[in-house]
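Colleague: From the sequence below, what's the structure:
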Amino acid sequence: MTMLFNERIAQRFGSAVAHYDEQALAQRQSAQQLMVGQILQGRVLDIGCGTGWLTRDIAEHHPIDVIVALDIALPMLKAEQLQHPSIIPIQADAAFLPFQNNSFDAVVSNFALQWLASPQNFAQELARVLAKDGQFCLAIPVDGTLRELNQAWAQLDIRRHTNQFFATQTWLDAFRYVGLTIQSQQQSAFYQYYDSTKSLLKSLKAIGANELQQPRQQGLWGRGQLLALEHAMEHYRQSQGIPLHYEVLMVYGQKVNLQHNI
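Modeller: Residues are numbered from 1 along each chain as shown. The predicted model follows:
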């Protein structure tokens, strides 16, 4: 039986836990920027918590009652940073949140929602689990992410080698459609730089981000293809190295429209 995409994601990120933090530099920068000026209170949900450095920061520096750390990969939830009296780790799929209606005063997510198949379905779940006047702070990689790598691949063949990221407007429309109020938004580019294309690809694998919605065809990867990709990526080299580009939407909002309360 073919393994479902969310099962492969759980497996991939579970196996990446040992090296995730040392490679996830853009993810950490994004989390820091996402939380500037934010104060979370009450019951909080962190979707796609990973190894928990954002979760732990919220637990220690915000006036919360409790924070639920949700991740699809069970090994992530065993990370040391999640061992805190205010943190409750739960393994679950962000597409099907296992919580009652109106459960949380705030929902936060950083670098996790890009794996979902449907922004519209997630927006419905977000609106459902948020309490009235509950707030959300989300950092979502969007279309434009991995641009240089995708352009380099396109010079070699027509197959898809990375996942398709949804457009910013698709996410914003999804939140508005379910009645969530968007209070502010911004889009930022984050870069990590590598000495070589090989180290860039190794980093993607180390953080579990090389999983495709459609599994790769077997037997198509070879040294010649890698050399051609390395040559194509040299076009993008900068003084810091070869760039890995993340285009990230940060959206802040609230559940205030009574007619859509669930």
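Colleague: from here on, contacts and neighbour counts on C-alpha atoms
Modeller: Fine.
Colleague: Quick one: mean pLDDT for stretch 77-89?
Modeller: Here stretch 77-89 scores 95 as its mean pLDDT.
Colleague: what does that stretch rub up against?
Modeller: If you take CA atoms under 8 Å, 6 or more residues apart in numbering as the criterion, stretch 77-89 is touched by 50-53, 55-56, 59, 65-71, 90-91.
Colleague: now do 6 Å
Modeller: Outside stretch 77-89, the residues that touch it by CA atoms under 6 Å, 6 or more residues apart in numbering are 51-52, 66-70.
Colleague: would you list these in TSV and tack on neighbour count, secondary structure and pLDDT?
Modeller: Below are the contacts of stretch 77-89 laid out as TSV (neighbours: other CA atoms under 10 Å; DSSP: H, G, I helix; E, B strand; the rest coil; pLDDT from 0 to 100):
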residue	neighbour count	secondary structure	pLDDT
Thr51	23	coil	89
Gly52	25	coil	93
Val66	18	strand	98
Ile67	26	strand	98
Val68	21	strand	98
Ala69	27	strand	98
Leu70	27	strand	97
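Colleague: now for those residues, which pair is the farthest apart?
Modeller: Farthest pair in the contacts of stretch 77-89 (CA to CA) is Thr51 and Val66. Separation: 17.4 Å.
Colleague: circling back: and the contacts of stretch 77-89, which is closest to Gln186?
Modeller: Gly52 (23.9 Å).
Colleague: residue contacts, the closest one?
Modeller: Residues in contact with Gly52 (CA under 6 Å, 6+ apart) are 81-82.
Colleague: where along the chain do the strands fall?
Modeller: Ranges of strands within the chain are 42-47, 64-71, 87-91, 104-110, 130-141, 181-194, 242-254, based on DSSP state E.
Colleague: low-confidence ranges in this protein?
Modeller: 1-24, 158-162, 206-222, 257-262 (pLDDT under 70).
Colleague: Relative to the centre of it, find the outermost residue for me.
Modeller: No residue in the chain sits farther from the centre than Gly224, which is 31.9 Å out by CA atoms, centre = their mean.
Colleague: do you know how far that residue is from Leu156?
Modeller: Relative to Leu156, Gly224 is positioned 11 Å away (CA to CA, to the nearest Å).
Colleague: swap in Met35?
Modeller: For Met35 relative to Leu156 (CA to CA), the value is 40 Å.
Colleague: Great, nothing more from me.
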